[in-house]
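**Student:** Here is my input, please return the structure:
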Amino acid sequence: MNTLKSKDSVDDIPVLSDDVPVTMPELPQSVSITSLQQFKAISDRTRSRILGIIQNQPATAKQIADRLGASPGAIGHHLHVLEAAGLAKVVARRLVRGIVANYYTRTAKIFKYELSKEIKGNETASLEIMSKAYDEMAEAAYTPDEDPYRFDSFPHIRLSPERARSYHERFNALLDEILNETPDPDGKVYGIFVAMFMSPTYMQGPSTTLPDDAV
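**Tutor:** So this is what the prediction gives:
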C-alpha cells in the first residue's frame, strides 16, 4: 500500500499511464467531525454512500456514478463538497481518453463525531450512524450474494458499572483490531455496526418486584 499524504496538492500527484494500477493508500485511523461544514457534508445520503465506496478502494467520479446510478457531474459535485470538508482526497490521477481522471479515497478509515451542541442540536451522532447502518443492511438483504457470516443480535442485560466498563473496553479493543486488519484485495467488504447504550427509563425498574406492585 502507498501512504496517503495529506499535504500533497493535486498538481503534485503524477499522471499515471494506462498500464499502472491505482492502489489503495494506507489511510489514517480516524478524522474528527467537528464543524458544521463537515456535518452537512457527511449527513447527505449520496455523499455517505460515496464515502462507503472510497473507504476501501480509490475511485473516479465516473466509476462511482456507474455504481450508484447517478451522473458523473453530480458525483463530481459531491466529491468536491467532501474534499472541501476534509473528508475525501485525490490520491491518484490517470489520463483517460485525453482527460485527466482523479481517483478519490476517504481521508480516514473512520470518522469520529465530536460535535458541539450548537451544531448537532438534539440529534445524536449514534442515531446518524445507526440510520446509515440500517440503510446498508436493508439494501444488502436484497442482494443475490450469499452471506454466511451475516449476524445480528440485540440483547439486554443488567450490569454493574464495573462490568459495563469491561464490556465497553472489550468492544473498543475488538473495533481497533478490525480497523487494523490488513485488507484483502480479493476479499469482500463487510459492514460492522457496534452500539452499547443504557436502555431507556421504562426498562430500568428494580430487579425484584414487591407484591404491592403486581396489581
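
**Student:** make it CA atoms for all contacts and neighbour counts henceforth
**Tutor:** Fine.

**Student:** And the strands in this structure, which stretches?
**Tutor:** 15-16, 30-33, 88-96, 99-106, 110-113 (DSSP state E).

**Student:** quick one, which of those strands is nearest to residue 174?
**Tutor:** strand 110-113 (14.6 Å; Cα to Cα).

**Student:** what's next to the closest one, contact-wise?
**Tutor:** 29, 30, 31, 32, 33, 34, 125 (Cα atoms under 8 Å, 6 or more residues apart in numbering).

**Student:** Looking at those, which is nearest residue 87?
**Tutor:** Nearest to residue 87 among the contacts of strand 110-113, with distances taken as Cα to Cα, is residue 31, at 8.0 Å.

**Student:** before we move on, the earlier item: now, the most widely separated pair of the contacts of strand 110-113?
**Tutor:** Across the contacts of strand 110-113 (Cα to Cα), the longest gap, 18.5 Å, separates 29 and 125.

**Student:** which of the two has more neighbours?
**Tutor:** More neighbours surround residue 125 than the other of residue 29 and residue 125, with 16 against 13 (other Cα atoms under 10 Å).

**Student:** hey, what's the nearest residue to that one once chain neighbours are set aside bridged with?
**Tutor:** Sequence neighbours aside, residue 113 is the residue nearest to residue 125 in space, at 6.1 Å (criterion: Cα to Cα, 6 or more residues apart in numbering). With DSSP bridges applied, residue 113 shows beta-bridge pairing to residue 33.

**Student:** about what we covered before: will you turn the strands of the chain into JSON lines that also has distance to residue 78 and mean neighbour count?
**Tutor:** Shown next, in JSON lines, are the strands of the chain (distance: least, Cα to Cα, whole Å; neighbours: other Cα atoms under 10 Å):
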{"stretch": "strand 15-16", "distance to residue 78": "23", "mean neighbour count": "15"}
{"stretch": "strand 30-33", "distance to residue 78": "17", "mean neighbour count": "16"}
{"stretch": "strand 88-96", "distance to residue 78": "10", "mean neighbour count": "21"}
{"stretch": "strand 99-106", "distance to residue 78": "12", "mean neighbour count": "21"}
{"stretch": "strand 110-113", "distance to residue 78": "17", "mean neighbour count": "16"}
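
**Student:** With distance to residue 166 as added columns, please give those in CSV.
**Tutor:** Converted to CSV, the strands of the chain look like this (distance: least, Cα to Cα, whole Å):
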stretch, distance to residue 166
strand 15-16, 49
strand 30-33, 23
strand 88-96, 35
strand 99-106, 32
strand 110-113, 22
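
**Student:** can you list these in TSV and add distance to residue 148 and mean pLDDT?
**Tutor:** What follows is the strands of the chain, written out as TSV (distance: least, Cα to Cα, whole Å; pLDDT from 0 to 100):
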stretch	distance to residue 148	mean pLDDT
strand 15-16	39	88
strand 30-33	29	93
strand 88-96	32	92
strand 99-106	28	93
strand 110-113	25	91
